[in-house]
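K.L.:
Pasted the sequence and its predicted model underneath.
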Amino acid sequence: MEPLFTPDAFTAIDRAAPDCGVALLTLMENAGTAVARAIIRRYPPRRVLVLAGPGNNGGDGYVAARILEQNGWPVAVAPIALPRPGTDAAIAAAKWRGPVVSSNPGRVREADLVIDAVFGAGLSRDVSAEAGALFAAAKTLIAIDVPSGVDGATGVLRGPAATAVLTITFVARKPGHLLFPGRAHCGTTLCADIGMPRAAVARMTPMLWHNAPGLWHLPDLDQTGHKYDRGHLTILAGALAGAALLAANAARRAGAGLVTIAAEAEVSGASPGIMIRRDPLEHLLDDARRHVWLCGPGLGISRAGAALEALIAAKRGIVADADALTACAQVPDRLRGVTVITPHEGEFARIFPDLAGDKLSRAREGAARIGAVVVLKGADTVIAAPDGRAAINDNAPASLATAGSGDTLAGIIAGLLTQGMPGFEAACAAVWLHGAAAQHIGTDLIAEDLADALGTTMATLRKKSRENTT
C-alpha cells in the first residue's frame, strides 16, 4: 500500500521529525543529496543552473548544487529570493561557495540543465509571469518535490507552471503527482528515502492511496465452492443489449459465479454461459440470490430511473452506470442506496451541478452526499468512499478512450462485488485491472478485447501473489 500525503500532511510529518530523532537540517541534506545522485545517475556532467526559492525547497536546491559541484559538475545558483536568516534553508545556502548569478531567462537558456527548487509543494500563491518565463526558458528542467506552479494537493496549475522531465520527491508521493494536469508537468517521478523517521510518518493516518494491488486483494477461489458461492449478478438490458453483453462478459471473467441479462427483447450474440431472462423486474427480485445488480448500460434513461428505484427499495447491491446516472441528473438523492456509481466528468457534473473544485475533492464530496463509492473516471480515475477514503489510479492507457470500455469497467466492478468484495475495494481493483488489461492488449484495443485480457491479467496477478507469500 502506497499512501499519498498532501503538502499539509507533509508539513506535520516534518514538524514531528525532530521529536522522533532526526533534525530537519539533516533531512534537507539528505533530500538535496538524493536529488544530486538522481541527476548523476541519469546525465553526464553538464552546465547546471539551480533556481532557488527562499524556503525549504530552495534549501534542498542549495544542497543539490553543492553535491553536484563536489562531483565535478559546473553549477551556478540563481536565487529567486533569499532565505530568511536563521532558517535551515539559510544554513544550506551559506554552505554554497560556488557562483551566485541573477535569475533571468537569458541565464536559464545558457544552462544545459535547470533545477527547479523554487516553490515545490509548499506553493501558497500563483506563480508569477516572471517566474513562468524562467521555467519556459529551460532546455531540460528537473523539479524538486513538485514542479513549481503545480498544486501538490490537487494537481491544479497555479499560473505558468514548470514542466519537468524528472521530479524527485521524498518519503511518499503527493496527489498532484498523479492528478492531471499536474501529472503531465512532472515527467518521471521518483520518490527518494531521506531518512524520515517511521514514527513521524505514522503520526498521520492515511486516507488516500495510489491504487495498486496491495490496497486490495482479489477474492480467494474456494476449491470446494460452487457457482452460487461466487454470487449471482443480474444486468438490466435495454432494446439494444450490446453494452450489457460487454459488461456481462467482463463480470464473468472477473469471477462472478452466474451472470444473467434481464432483457426487454431478444438478445443475440450472448455467450452460452450467460443466462437471458425476460421476466418482469419484480419477479426477478423475488429471488434473493440475485444480490448484485448492474443498472444503466444501454438501458434507456426512463427505464433506468424506474429500475434503479426498485432495486434500491429491494436493498440490493447496485452498480449504477450510464443511463442510470443520467436519470439522476441534478437529483443525487435518487442514488442513495446504491453501492457504486461510475460517472465520467460530464455525468458527474450533471448529477452534482453545484460541486466545483479539484477532482479529488469533488469525488469525495459526491461520495459523502449519496453514501456510495464514486468512481470518477478518466486518465486519473479517482475512487472515493463515503467515509473519506480515496485512491488515485494511474495505469489507464489512452487506448481505453473507446466505445464500450466504460461498460466493461462497470461489469468488472459488479463481478467483484458479486463475490463479496466491499464496494471501495471492488471499485479500486476493477479500475486497476481495467487499465492493466488494456496495457496487455496494446494500442489497437477495442472494448470486446478487454474481457479476455482481464482473465490473463487476473491470473498473472494471482500467480505473483502466491509467489510473494511463499
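P.N.:
Good, I have the coordinates.
K.L.:
Tell me which other helices or strands the longest helix anywhere in the chain touches.
P.N.:
In the chain, with assignment by DSSP state H, the single longest helix is helix 447-468. In terms of contacts (3 or more C-beta pairs under 8 Å, 6 or more residues apart in numbering; DSSP states H and E), helix 447-468 is packed against helix 242-254, helix 405-418, helix 423-441. The way it works is simple: take the backbone N, C-alpha and C, and place the C-beta from them, glycine included.
K.L.:
can you state the direction angle for the second one and helix 242-254?
P.N.:
So the one you mean is helix 405-418. 40 degrees (axes from the mean of the first three to the mean of the last three C-alpha atoms, to 10 degrees).
K.L.:
Could you do the longest one as well?
P.N.:
Regarding helix 423-441 and helix 242-254, their directions subtend 100 degrees when assessed with the same axes, to 10 degrees.
K.L.:
Dump helix 423-441 to CSV, restricted to CA.
P.N.:
Output of helix 423-441 as CSV, limited to C-alpha atoms (Å, rounded to 0.1, in the frame of the first residue of the first chain):
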residue,chain,number,x,y,z
GLY,A,423,-17.5,-1.6,-2.6
PHE,A,424,-14.4,0.6,-2.2
GLU,A,425,-12.0,-2.4,-2.7
ALA,A,426,-14.0,-3.8,-5.6
ALA,A,427,-14.0,-0.5,-7.4
CYS,A,428,-10.3,0.1,-6.8
ALA,A,429,-9.4,-3.4,-8.0
ALA,A,430,-11.7,-3.1,-11.1
VAL,A,431,-10.2,0.2,-12.2
TRP,A,432,-6.7,-1.1,-11.9
LEU,A,433,-7.5,-4.4,-13.6
HIS,A,434,-9.2,-2.5,-16.4
GLY,A,435,-6.1,-0.4,-17.0
ALA,A,436,-3.7,-3.4,-16.7
ALA,A,437,-5.8,-5.5,-19.2
ALA,A,438,-5.7,-2.5,-21.6
GLN,A,439,-2.0,-2.3,-21.4
HIS,A,440,-1.7,-6.0,-22.1
ILE,A,441,-3.7,-5.6,-25.3
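K.L.:
for it, packing partners?
P.N.:
Looks like helix 423-441 contacts strand 340-341, strand 373-376, strand 382-384, helix 405-418, helix 447-468 (3+ C-beta pairs under 8 Å, 6+ apart).
K.L.:
ditto for the first one
P.N.:
Using 3+ C-beta pairs under 8 Å, 6+ apart as the contact criterion, the elements in contact with helix 242-254 are strand 232-237, strand 258-263, strand 292-295, helix 405-418, helix 447-468.
K.L.:
Adding mean pLDDT as columns, could you present the ones you listed in TSV?
P.N.:
As requested, the helices and strands packed on helix 242-254 are exported to TSV (pLDDT from 0 to 100):
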stretch	mean pLDDT
strand 232-237	97
strand 258-263	96
strand 292-295	98
helix 405-418	98
helix 447-468	94
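K.L.:
Give me the pLDDT for the residue in the chain sticking out farthest from the centre.
P.N.:
Centroid-distance maximum for the chain: Arg97 at 41.6 Å, with C-alpha atoms, centre = their mean. If you check Arg97, the pLDDT there is 97.
K.L.:
so where's the stretch 101-250 of the chain uncertain?
P.N.:
Per-residue confidence for the stretch 101-250 of the chain (pLDDT under 70) gives these ranges: 224.
K.L.:
Can you show me the helices along it?
P.N.:
105-110, 129-136, 175-178, 182-186, 198-202, 242-254 (DSSP state H, counting those that start in this stretch).
K.L.:
Let's have the ones you listed in JSON lines, adding mean neighbour count and distance to Ile441.
P.N.:
Shown next, in JSON lines, are the helices of the stretch 101-250 of the chain (neighbours: other C-beta atoms under 10 Å; distance: least, C-beta to C-beta, whole Å):
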{"stretch": "helix 105-110", "mean neighbour count": "14", "distance to Ile441": "42"}
{"stretch": "helix 129-136", "mean neighbour count": "18", "distance to Ile441": "37"}
{"stretch": "helix 175-178", "mean neighbour count": "28", "distance to Ile441": "23"}
{"stretch": "helix 182-186", "mean neighbour count": "22", "distance to Ile441": "23"}
{"stretch": "helix 198-202", "mean neighbour count": "14", "distance to Ile441": "38"}
{"stretch": "helix 242-254", "mean neighbour count": "28", "distance to Ile441": "13"}
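K.L.:
Which among these is found nearest to Trp216?
P.N.:
Comparing the helices of the stretch 101-250 of the chain against Trp216 with C-beta to C-beta, the closest turns out to be helix 242-254 (12.9 Å).
K.L.:
Can you add mean neighbour count and distance to Asp126 and give the helices and strands packed on helix 423-441 back as CSV?
P.N.:
As requested, the helices and strands packed on helix 423-441 are exported to CSV (neighbours: other C-beta under 10 Å; distance: least, C-beta to C-beta, whole Å):
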stretch, mean neighbour count, distance to Asp126
strand 340-341, 28, 34
strand 373-376, 28, 26
strand 382-384, 29, 24
helix 405-418, 30, 35
helix 447-468, 16, 41
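K.L.:
Of those, give the one that comes closest to Ala237.
P.N.:
With C-beta to C-beta as the yardstick, what comes closest out of these is helix 405-418 (10.9 Å).
K.L.:
gap between that closest one and the chain center?
P.N.:
18 Å (C-alpha atoms, centre = their mean, to the nearest Å).
K.L.:
just checking, what packs against it?
P.N.:
strand 232-237, helix 242-254, strand 292-295, strand 317-320, helix 423-441, helix 447-468.
K.L.:
closest one to Leu208 among the ones you listed?
P.N.:
The nearest among those, by C-beta to C-beta, is helix 423-441 at 11.8 Å.
K.L.:
Hmm, Ala314 is touching Leu284, no?
P.N.:
No: Ala314 lies out of contact with Leu284 (C-beta atoms under 8 Å); the separation is 9.8 Å.
K.L.:
Name all residues that make contact with the residue nearest to the spatial centre of the chain.
P.N.:
Nearest residue to the geometric centre of the chain (C-alpha atoms, centre = their mean): Ile392, 1.9 Å. By C-beta atoms under 8 Å, 6 or more residues apart in numbering, the residues touching Ile392 are 4, 175, 178-179, 208-211, 360, 380-383.
K.L.:
can you redo these as CSV with distance to Asp279?
P.N.:
Conversion of the contacts of Ile392 to CSV gives the following (distance: C-beta to C-beta, whole Å):
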residue, distance to Asp279
Leu4, 46
Pro175, 46
Leu178, 45
Leu179, 44
Leu208, 43
Trp209, 42
His210, 43
Asn211, 38
Leu360, 42
Asp380, 41
Thr381, 35
Val382, 37
Ile383, 34
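K.L.:
for the residues you listed, which one is nearest Ala247?
P.N.:
Among the contacts of Ile392, Thr381 lies closest to Ala247 (C-beta to C-beta), at 17.4 Å.
K.L.:
Export the helices and strands packed on helix 242-254 as TSV, with columns for distance to Ala199.
P.N.:
Formatted as TSV, the helices and strands packed on helix 242-254 follow (distance: least, C-beta to C-beta, whole Å):
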stretch	distance to Ala199
strand 232-237	45
strand 258-263	49
strand 292-295	42
helix 405-418	36
helix 447-468	27
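K.L.:
follow-up on the earlier one: who wins for proximity to Val114 among the helices and strands packed on helix 405-418?
P.N.:
helix 423-441 (32.6 Å).
K.L.:
Got the domain ranges for this protein?
P.N.:
2-206, 227-468 (automatic domain parsing).
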